[in-house]
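> heads up, no residue letters with this:
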């Protein structure tokens, strides 16, 4: 086995070096209505070799979790770019709210350490939305549709 890349062994601030994963394919439309097109934005991708997720390090595990929830919730739905980005952000908030440390039975122990503590210095908080899981998708606005998908998590 070769030497580890210098980014994996040198000291640096948190999130100084990051990785990304394609996690696709997911169909995204450029707008609502007839005649939608999946736009070519000119992004260049550089891939790790196939079947080598260990090349990605720890972030590959997070990508796997995100992909699992995204496929489970969105399924075959074709969302607009804005809807897709909103759903991804909500899944990100859920994943970054999972405890990194075991929960304690001590009543003085206030809260576990979560990734959000390192990302933004506090926990994520959002407003509680009414339960939309029983409402048919045809009756929902775009925002409510995304909330319904998130509630399925």
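Good, I have the coordinates. Treat the numbers as computed from the prediction; the structure is a model and nothing was measured. Numbers count the residues shown, from 1 in each chain.

> where's the spatially most central residue of the chain, which helix or strand?
With distances taken as CA atoms, centre = their mean, residue 92 lies nearest the centre of the chain, 3.6 Å away. In the assignment (DSSP states H and E), residue 92 maps to helix 81-95.

> what's the average pLDDT for that helix?
Taken as a whole, helix 81-95 carries a mean pLDDT of 85.

> go on, stretch 52-69?
The model assigns stretch 52-69 a mean pLDDT of 74.

> picking up where we left off before, whatever helix or strand comes next after the helix holding residue 92: which residues count as buried?
Using DSSP H and E, the helix or strand that directly follows helix 81-95 along the chain is helix 115-119. Buried positions in helix 115-119, judged by neighbour count with 16 or more other CB atoms under 10 Å: 115, 116. Every residue, glycine included, has its C-beta placed from N, CA and C.

> the residue nearest to the residue nearest to the centre of the chain when sequence neighbours are not counted and residue 136: what is the separation?
Once flanking residues are discounted, residue 92 sits nearest to residue 66: 7.1 Å by CB to CB, 6 or more residues apart in numbering. Counting by CB to CB, to the nearest Å, the separation of residue 66 from residue 136 is 27 Å.

> again, but for residue 112
For residue 112 relative to residue 136 (CB to CB), the value is 38 Å.

> who's more crowded, those two?
residue 112 (15 against 7; other CB atoms under 10 Å).

> quick one, what contacts the more buried one?
Counting by CB atoms under 8 Å, 6 or more residues apart in numbering, residue 112 touches 99, 100, 101, 102, 103, 104.

> swap the cut-off to 6 Å and go again
Neighbouring residues of residue 112 by CB atoms under 6 Å, 6 or more residues apart in numbering: 99, 101, 103.

> the helices in this protein, which residues?
6-9, 59-74, 81-95, 115-119, 142-151 (DSSP state H).

> distance to residue 16 added to those helices, as a markdown table?
Formatted as a markdown table, the entries for these read as follows, by distance: least, CB to CB, whole Å:
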| stretch | distance to residue 16 |
| --- | --- |
| helix 6-9 | 8 |
| helix 59-74 | 13 |
| helix 81-95 | 19 |
| helix 115-119 | 12 |
| helix 142-151 | 30 |
